[in-house]
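**Student:** Below are the sequence and a predicted model; questions follow.
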Amino acid sequence: MVMAEEKLWKCGKCKEDLVKKRTAFSYLGHTFSTEVMCCPKCGKVFIPKELAEGKMAAVEQELEDK
Amino acid sequence: MKIEEAASYTEKCFHGSPASCTCACPFHLDIRSLLEKVSKGKWASAYKLLRNETIFPVIVSALCDQPCSNHCQRTQIGDQAISIRDLEDACIRYVKKRKADAYNIPPKTAKVAVVGAGLAGLSCALNLARKKFQVTVFDKELGWGGSIRVHLRFKEFNEEISLMFSVAKADFQFKSEITSLAQLEEFDAIYIATGSGGDSFGLLESWDHELQTTSEKKVFLGGSLCGVSQMEGIAQGAQVSKVIEAYIQTGKASYINKENNFKECGRKLDHDGALSLARVEAKSTDGYSEAEAREEASRCLQCDCDKCLTSCEMLKRFGKAPQKMAIEVYTDTHVNPPLSTHTLARETYSCNLCGHCKSICPEAVDIGAMLQFSRTARFKDNSYPAALHDFWLREMDYAVSQGAFVSAPKGKKTCQYAFFPGCQLGASNPEHVLESYDFLNEHYDAGIFISCCGAPAFWAGDEERLGVHIEKLRQEWFEMGRPKLVFACATCENIFSMMLPEIKSISLYELLDRQSHVLSKCDLTEAVVFDPCAARDDDEMQSSVRRLADKADISLEELQEKNRCCGYGGLIRLANPSLYDEISQVRAEASEKPYIVYCANCREVFAARDKECAHVLDIVFGLSINASIPSLAKKRENSLELKKKLMREKWEMDFEAETHEWDKLSLIIGDELQKMMDQKLISSADLQEAIWLAEESGDKFYDESDGMSLCSMIKPVITYWVEYRKTGPDTYEVYSAYYHRMHFVKGE
């Protein structure tokens, strides 16, 4: 399988290449921000599998335990 | 919430409380700890403990009549009690240097008179002198010791008393008899311990045995003058010193009575698996050698109740004592972020709520009920991680709407019996419900009650959702003429008996057993019955299943532990996947024999582990055993097909399930991916919806070079992602599927 983040994803609506952008996340009342890939035009956020199941899952678990 | 509410769940737990020997000891000496130190040859710390607790260790080891020995747990398994006095003696002999101890504090001006230099008086005087009070001890004799002055070992006792007072200065006035309390007017407090038959100055009748006070405010009384033993006198002397200290400081005699902590002398612990060990006899007349003492001390069972902590995988993993968890259940309802955080989150949602802890606890302490209480409390204060239970709550919503069907038999408005198969039985294998209903319809003219019992809402701690659903169930049952409900699932039966106790019920297996005399033989010849945790208190359900297996000529063996949870209970799978894996593996490996189960969830858990496993309904109706487990989407399809078939065949009614535009999409999902999706509870129906929405709106990511697309769909609390490629008209191959629980805030 091709790793999601090695690919050349474009935004389906804006046809733009994705760029890194600081984005706000929230979970269980906690808010924080980090840089993730987004569409430069519409801001649609791209979350690859590795991020969702890696760092994001770890942070989610940490917040659930707080 | 009040702390008492949480603590009430574990108030009977005696884990960590004093051992029975300690309760019996006049000094409440921590004998477990003492013997642990001795067994390791830690003589200095053993001596220190002994001295701090018994005041005069040499005297105590020589004179104590060891009331602890009658309460030694070794005697529970037929052994002789541990020889405590000989071990105390060894501590004294093998410590390199016996030392007295004093506080490094400034002297106090308050003056205390102690009348009588016997053991009680000395104990009181020593403890007050160590705290730097001005202590004067009066005795009519030539020296200290009182009744022990004539003992053969008085020389040793004398040395010990001298040692202890070497660092705690007191003024000893010997050959000075007090005949009137008027002689002691200058003192701020007076302790009278004039020995058996001694002068109480007329105060004995007004003596309070707890505080040792008298009608004279500043005069205290104790020791064998009041009828206590020598050992009790020493312990009492230490205790009264604290009362006198409080009296001097506050003008009021008071003492923190800890006797309640030591009242359970008669507690009998279960010592399963403890080896019988004979008492170590000293080879020398001088007493134990160091090695002998260590061996004797290591006979201590270090008895403490830890049955639940060593038996339950969840409690083992977190290693928290039940009482500590109770306090955390309380403190978790007073969290004030960011200043404080929850301490119990993972535990609360990692409990199978299976009742095992309660069933093995000598005091029936129910930690599961406490953690259920915690789930409810956290749901109420909106601090519950919704993503942990969202999947099952959505399944419940489906089961009580699209999947539900409630009706008396065709042409009737009411019925005497109605079959409540539970939402999982038909979803997992529709044949189980169809065959069972045929049987019940034929023999009992039963109606059908396909719905969810509400367990997902209960386990999520969502009392409101549960309450609304239960009222709906009550109404539907009422409209069917209040039939007796026939349950195939023990969890459903439990939820009903808890929430709707007015509804009478019986198990499907009991009715099958009554009607079916000989079953056709199945492929199984030998097996063990794996009873679900929810059937723990239903003996009839358990024995009916065994009788049914017996009728099919299956030779049965019993598991060592019955009614352990397969891992499914309490829906811990998303909250603690590794614990879920551990529990399901341990249960699957509890016997090499195939399992006969009577819970659809147990069957799925074991089938997913490739454990040979038959539902008892497979055996009764001659269905194929070891049927594969349907995917999550297939389960919903099964529920609808079952409902459709039943309605058409039994009621001649048509049912058209709700349809969606995305239903027409075909997804190609490889076996490995499907397995992973089932483990993570990602339903292909959700992926269908996500892909359809993305393709309709163009709201997705794409890669021109290989035609791959990636889209996401936010369900109330979970964001699902799916990577796919179109392979034909309305056909998509799925390459990966995943989710996250946090939300992103677009455009920031």
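**Tutor:** Happy to help now that I have it.

**Student:** wouldn't B:Y580 be in contact with B:G567 here?
**Tutor:** Yes: using C-beta atoms under 8 Å, B:Y580 is in contact with B:G567, at 5.0 Å. All C-beta atoms are positioned from the backbone trio N, CA, C, and that covers glycine.

**Student:** out of those two, which sits in the busier spot?
**Tutor:** Regarding B:Y580 and B:G567, a neighbour count based on other C-beta atoms under 10 Å in any protein chain shown identifies B:G567 as having more, with 28 against 23.

**Student:** is it fair to say B:I596 lies in a helix?
**Tutor:** No: under the criterion used here (DSSP: H, G, I helix; E, B strand; the rest coil), B:I596 is strand, not part of a helix.

**Student:** Report the beta-bridge partners for it.
**Tutor:** According to DSSP bridges, the partner residues bridging B:I596 are B:V529, B:A614.

**Student:** By residue count, what's the longest helix in chain A?
**Tutor:** When chain A is parsed with DSSP state H, its longest helix is helix A:57-64.

**Student:** and that one, what's its mean pLDDT?
**Tutor:** Mean per-residue pLDDT for helix A:57-64: 92.

**Student:** Kindly report the residues of chain A close to chain B.
**Tutor:** Residues of chain A found near chain B (C-beta under 8 Å from any C-beta of the partner chain) are A:1-2, A:4, A:7-13, A:18, A:22-31, A:33, A:36, A:43-47, A:49, A:52-53, A:56-57, A:59-60, A:63-66.

**Student:** Looking at those residues, which are in strands?
**Tutor:** Of the residues of chain A next to chain B, the ones assigned to strands by DSSP state E are A:10-11, A:22-27, A:30-31, A:33, A:36, A:45-46.

**Student:** Point out where the chain drops to low pLDDT.
**Tutor:** No chain specified, so I'll use chain A. A:1-6 (pLDDT under 70).

**Student:** Chain B, not that one
**Tutor:** B:257, B:259-261, B:264-268, B:517, B:746-748.

**Student:** Now do the shared contacts for B:Y580 and B:G567.
**Tutor:** In terms of C-beta atoms under 8 Å, 6 or more residues apart in numbering or on different chains, B:Y580 and B:G567 are both contacted by the residues B:R573.

**Student:** so how far is the longest helix of chain A from its chain's centroid?
**Tutor:** Here the centre of helix A:57-64 is set off from its chain's centre by 15 Å, with C-alpha atoms, centre = their mean, to the nearest Å.

**Student:** Identify each buried residue in that helix, please.
**Tutor:** By neighbour count with 16 or more other C-beta atoms under 10 Å in any protein chain shown, helix A:57-64 contains the buried residues A:57, A:59-60, A:63-64.

**Student:** List the contacts of residue 37.
**Tutor:** No chain in the question, so chain A it is. Counting by C-beta under 8 Å, 6+ apart, A:M37 touches A:5, A:9, A:18-21, A:45-46, A:48.

**Student:** wrong chain, I was asking about chain B
**Tutor:** Counting by C-beta under 8 Å, 6+ apart, B:K37 has contacts B:43, B:45-46, B:49.

**Student:** Take the residues you listed and keep only those in helices.
**Tutor:** Using DSSP H, B:43, B:45-46, B:49 are the members of those that sit in helices.

**Student:** Now rank those residues by neighbours and give me the top one.
**Tutor:** Among those, B:A46 has the most neighbours (other C-beta under 10 Å), with 27 neighbours.

**Student:** pretty sure that residue is touching B:V38, no?
**Tutor:** Yes: look at B:A46 against B:V38 with C-beta under 8 Å: they come within range, at 5.1 Å.

**Student:** For those two, list the residues in contact with both.
**Tutor:** B:C91.

**Student:** sorry, back to before: for ChimeraX, write the select line for the buried members of the residues of chain A next to chain B.
**Tutor:** A single ChimeraX command is used to select the members of the residues of chain A next to chain B judged buried by 16+ other C-beta under 10 Å:
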select /A:4,7,9,10,11,12,18,23,25,27,28,36,43,44,45,46,47,49,52,56,57,59,60,63,64,66
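
**Student:** Please, which helix or strand holds the residue of the stretch 501-650 of chain B found nearest chain A?
**Tutor:** Among all residues of the stretch 501-650 of chain B, B:A575 sits closest to chain A, at 8.0 Å; criterion: C-beta to the nearest C-beta. For B:A575, there is no helix or strand it lies in under DSSP states H and E.

**Student:** quick one: contacts for it?
**Tutor:** When contacts are counted by C-beta under 8 Å, 6+ apart, B:A575 touches B:346, B:349-350, B:385, B:388.

**Student:** Also B:L221?
**Tutor:** Residues counted as contacts of B:L221 (C-beta under 8 Å, 6+ apart) are B:191-193, B:200, B:203-204, B:207, B:212, B:214.

**Student:** Distance of it relative to chain A?
**Tutor:** From B:L221 across to chain A, the span is 56 Å (C-beta to the nearest C-beta, to the nearest Å).

**Student:** can you count the residues close to the spatially closest residue to B:K307 that is not a sequence neighbour?
**Tutor:** Spatial nearest neighbour of B:K307, chain neighbours left out: B:I360 (5.0 Å); criterion: C-beta to C-beta, 6 or more residues apart in numbering or on different chains. Using other C-beta under 10 Å, B:I360 is surrounded by 16 other residues.

**Student:** what does the one 4 residues further on give?
**Tutor:** For B:A364, the number of neighbouring residues by other C-beta under 10 Å comes to 10.

**Student:** Under a three-state scheme, what state does it occupy?
**Tutor:** Criterion first, three-state DSSP; result for B:A364: coil.

**Student:** now what about the longest helix of chain A, what contacts it?
**Tutor:** The contact list for helix A:57-64 (C-beta under 8 Å, 6+ apart) reads A:27-28, A:30, A:32, B:345-346, B:385, B:387-388, B:740-742.

**Student:** circling back: any chance of the buried residues of helix A:57-64 in a markdown table, plus distance to B:Q679?
**Tutor:** A markdown table is the format used below for these (distance: C-beta to C-beta, whole Å):
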| residue | distance to B:Q679 |
| --- | --- |
| A:A57 | 14 |
| A:V59 | 21 |
| A:E60 | 17 |
| A:L63 | 23 |
| A:E64 | 19 |
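
**Student:** still on that earlier bit, most neighbours, which of the contacts of B:L221?
**Tutor:** Comparing the contacts of B:L221 by number of neighbours (other C-beta under 10 Å), B:A193 comes first, having 33 neighbours.

**Student:** Kindly provide the distance from it to B:L29.
**Tutor:** Here the criterion is C-beta to C-beta, to the nearest Å. By it, B:A193 lies 22 Å from B:L29.
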